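**Student:** predicted model and sequence below, questions to follow.
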Amino acid sequence: MRRRRRIHMLAMGLIGVICAFIAVTTVSYHVQMTELKGQVEAKQATLAQLNSEYVSLNAKKENSVDLNEVEDYAKNVLGLVKMDRSQEEYLELQKTDQVEVNEASSGVDKLVSSFVKSFNAILSFLR
């Protein structure tokens, strides 16, 4: 009878250990699942925020000013037209070194000077 009681106690103890192991394992899995669910929710919140930012930036891009629209507005509303090459004027900027021409110089010097200036203007126009 004692032996039977020991076997019975041993069996109960073994069943208790198995039950405790199953309980600890189950709790551990639930803890891990809860942590993973929290991480998934955090990632989903980040994804939603990034999607919202994407939509906002896409809308900004679509609403940005298009140069074709600006050109169309300038032509049709303001009545502006592009300049012709013939309308362009080139200016010679004053240089630090200057030569003073005496007013008493001959007409030939003035003619040559005028020719050189005209030639320079034509060259700059062709560039």
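**Tutor:** Arrived safely. Numbering: from 1, shown residues only.
**Student:** which elements pack onto the longest helix along the chain?
**Tutor:** Once the chain is assigned using DSSP state H, the helix that runs over the most residues is helix 2-63. Of the remaining helices and strands, none touches helix 2-63 by 3 or more C-beta pairs under 8 Å, 6 or more residues apart in numbering; DSSP states H and E. From N, CA and C alone the C-beta is placed, and that goes for glycine too.
**Student:** next helix or strand past it?
**Tutor:** Sequence-wise, the next helix or strand downstream of helix 2-63 (DSSP states H and E) is helix 67-76.
**Student:** how far off centre is the longest helix of the chain?
**Tutor:** Mean-position distance between helix 2-63 and its chain equals 39 Å (C-alpha atoms, centre = their mean, to the nearest Å).
**Student:** what about that helix, average pLDDT?
**Tutor:** For helix 2-63, the mean pLDDT works out to 92.
**Student:** residues contacting F125?
**Tutor:** F125 makes contact with 85, 88, 90, according to C-beta atoms under 8 Å, 6 or more residues apart in numbering.
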